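>>> Sequence and predicted structure are below.
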Amino acid sequence: MSTLVSMKEKLEKILSNPKYIFALFIILAIIASVQALTGGFKTYSGGTIQYTQYNNYVIFKQSFYHLLEGKDLYILYPEEHWDLYKYTPTFSIFFGLFALLPDALGLSLWNLLNALVLVGAVYSLPKLSHTQKAWVLILLIMELMTCIQNEQSNALIAGLLIFALGFLERRHYWLAVFCIMSSVFIKLFGIVGFALLLFYPNKFKLGFISVIWGILLGAIPLLFVDYTQYQFLLQSYLKLLTEDHTASYGLSVMGWLYTWFGLDIDKNWLVLLGILGFLLPLIRFQAYKHPLFRYLCLCSVLIWVVIFNHKAESPTFIIAMAGVTLWFMASPKNSLNIALFVTAVLLTSMSPTDLFPRFVRDEWIKPYTLKVVPCILIWMKIVYDMWFLKALGSDEISVKNTALSK
């Protein structure tokens, strides 16, 4: 018994010290980078052209050079990489910071940025203890590795949106809006994060700051290309997004409805319904003053941008699972919440791994988009919680038995 107590105390000591968690995530990012750099080459869709294991990094890197060369960012360059570049011109300029470096260094720094922004963002949140934050991050390791092993930006986006709430709670408005706007200039769905601004005073100031950051970040490509070329790139980007919108269902609400029920509902209508569901609890204006309500809205944002994204794929789910894990950490540990969370860990995080036999993955997990289902259910539970938090008077919200009640 004394040995178990001693081990528990040592574990608590480790988890309560952020330095150990930062060190762990640095190691994980380096491991993922080394794996990609030493992984040789691969082909796609039965093709004969061989590409590096870090193909997505090459896409981002080459977009910077394509922009400098006055090329269209949004067409295929099969001699350089597989697949299309689907980010903004501003992101291609940002990626020049990595593109100018040797691949080994640039890729490693890119993966480190994704990992450390996520860690820093979780630690920026108020109310939760260091131990709780450490558990949030540990529970996200599997999704993080999926993300950075694919050189994706999703951990960075999750971190930026979480940082936004942390900065807003401290009234660091310029930094908060910068984080949200930066996520938008990586992937447009980050715009949902602006809902967090509703909870804070000085709306005019927040609007002004948003306009300034939008202009500054949007104008960055004009330092490298002329206005005519920039206008062409924006039109090409819009064309890509329009055509991409009809291409697939992804691991999303759209995919779930289609694979489970055969419903081929117009995606625009489903997104509209999702927006209404997201906004519905926000009419509880008196709830804005309560930390739990604002925190739950962040969780809702993180999950919403994935489950209503028709192009969501496995590496995208670091964003959704960040919302799921943060929700669970602050929620009452009743049987329903525990069951939902365990289901999310099993089906969302672990289902793509060898913990599930291949025939289960091929016959059930993938065909029925089971990876997204727990996230959909938990998002619904969050919306319910935001709407039905019990009033303790005219303007108070019950947060008993939650981490945010302290």
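Arrived safely, thanks for sending. Numbering: from 1, shown residues only.
>>> Low-confidence regions, the stretch 151-300 of the chain specifically.
Along the stretch 151-300 of the chain, segments meeting pLDDT under 70 span 245-248.
>>> what about the helices in it?
In the stretch 151-300 of the chain, the segments counted as helices under DSSP state H, counting those that start in this stretch are 154-169, 173-184, 203-219, 227-245, 253-261, 267-279, 291-307.
>>> What are the buried residues along the second one?
Within helix 173-184, the residues scored as buried using 16 or more other Cβ atoms under 10 Å are 173, 176, 177, 178, 179, 180, 181, 182, 183, 184. Glycine gets a C-beta too; all of them are placed from N, C-alpha and C.
>>> quick one: the fourth one and residue 212 touch, right?
In this case it means residue 178. No - counting by Cβ atoms under 8 Å, residue 178 stays clear of residue 212, with 9.7 Å between them.
>>> that older thread, residue 207: which of the buried residues of helix 173-184 is nearest?
The shortest approach to residue 207 among the buried residues of helix 173-184 belongs to residue 177, at 9.4 Å (Cβ to Cβ).
>>> Tell me how far that closest one lies from residue 33.
From residue 177 over to residue 33 the distance is 31 Å, taken as Cβ to Cβ, to the nearest Å.
>>> Quick check: end-to-end length of stretch 326-337?
Taking Cα to Cα, to the nearest Å, stretch 326-337 runs 12 Å from one end to the other.
>>> Just the buried residues of that stretch, please?
Of the residues in stretch 326-337, 326, 327, 328, 329, 330, 331, 337 count as buried by neighbour count, 16+ other Cβ under 10 Å.
>>> any chance of those residues in a markdown table, plus distance to residue 153?
Output for those, formatted as a markdown table (distance: Cβ to Cβ, whole Å):
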| residue | distance to residue 153 |
| --- | --- |
| 326 | 20 |
| 327 | 23 |
| 328 | 25 |
| 329 | 24 |
| 330 | 26 |
| 331 | 28 |
| 337 | 30 |
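>>> Looking at those, which are in strands?
Under the assignment DSSP state E, the buried residues of stretch 326-337 contribute nothing to strands.
>>> which one of those residues is nearest residue 319?
Among the buried residues of stretch 326-337, residue 326 lies closest to residue 319 (Cβ to Cβ), at 11.3 Å.
>>> Okay, the nearest residue to the closest one once chain neighbours are set aside and residue 325: tell me how far apart.
Distances taken as Cβ to Cβ, 6 or more residues apart in numbering place residue 299 nearest to residue 326, at 5.3 Å, with adjacent residues excluded. According to Cβ to Cβ, residue 299 stands 9 Å off from residue 325.
>>> These two: which is more packed in?
Neighbours around residue 299 and residue 325, counted as other Cβ atoms under 10 Å, are more numerous at residue 299. The numbers are 27 against 24.
>>> how much space between that one and residue 46?
Between residue 299 and residue 46 the computed distance is 41 Å (Cβ to Cβ).
>>> circling back to that earlier point, can you put the buried residues of stretch 326-337 in CSV and add distance to residue 89 and pLDDT?
As requested, the buried residues of stretch 326-337 are exported to CSV (distance: Cβ to Cβ, whole Å; pLDDT from 0 to 100):
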residue, distance to residue 89, pLDDT
326, 32, 97
327, 35, 97
328, 38, 96
329, 37, 94
330, 38, 89
331, 40, 91
337, 42, 96
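>>> Of those, which belong to helices?
Counting by DSSP state H, the buried residues of stretch 326-337 place 326, 327, 328, 329, 330, 337 in helices.
>>> Can you tell me which of these is closest to residue 268?
Comparing these against residue 268 with Cβ to Cβ places residue 327 closest, at 27.6 Å.
>>> residues touching that closest one, list them.
The neighbours of residue 327, taking Cβ atoms under 8 Å, 6 or more residues apart in numbering as the test, are 296, 299, 378, 382.
>>> ok, how many other residues are close to residue 234?
14.
>>> Just the pLDDT for the nearest residue to it once chain neighbours are set aside.
Counting by Cβ to Cβ, 6+ apart, residue 234 lies nearest to residue 89, which is 7.3 Å off, once chain neighbours are set aside. Predicted confidence (pLDDT) for residue 89: 97.
>>> Quick check: residue 89 vs residue 236, distance?
Counting by Cβ to Cβ - residue 89 and residue 236 are separated by 10 Å.
>>> Likewise for residue 150?
In this view, residue 150 and residue 236 are 24 Å apart by Cβ to Cβ.
>>> between those two, which one's more packed in?
More crowded of residue 150 and residue 236, by other Cβ under 10 Å: residue 150, with 20 against 15.
>>> Just give the number of residues close to the nearest residue to the more buried one once chain neighbours are set aside.
The shortest distance from residue 150 to any non-neighbouring residue, by Cβ to Cβ, 6+ apart, is to residue 315 (4.5 Å). Residues near residue 315, counting by other Cβ under 10 Å, number 21.
>>> quick one: residue 315 and residue 303, what's the gap?
Applying Cβ to Cβ to residue 315 and residue 303 gives a distance of 16 Å.
>>> what's the closest of the buried residues of helix 173-184 to residue 107?
Nearest to residue 107 among the buried residues of helix 173-184, with distances taken as Cβ to Cβ, is residue 182, at 20.6 Å.
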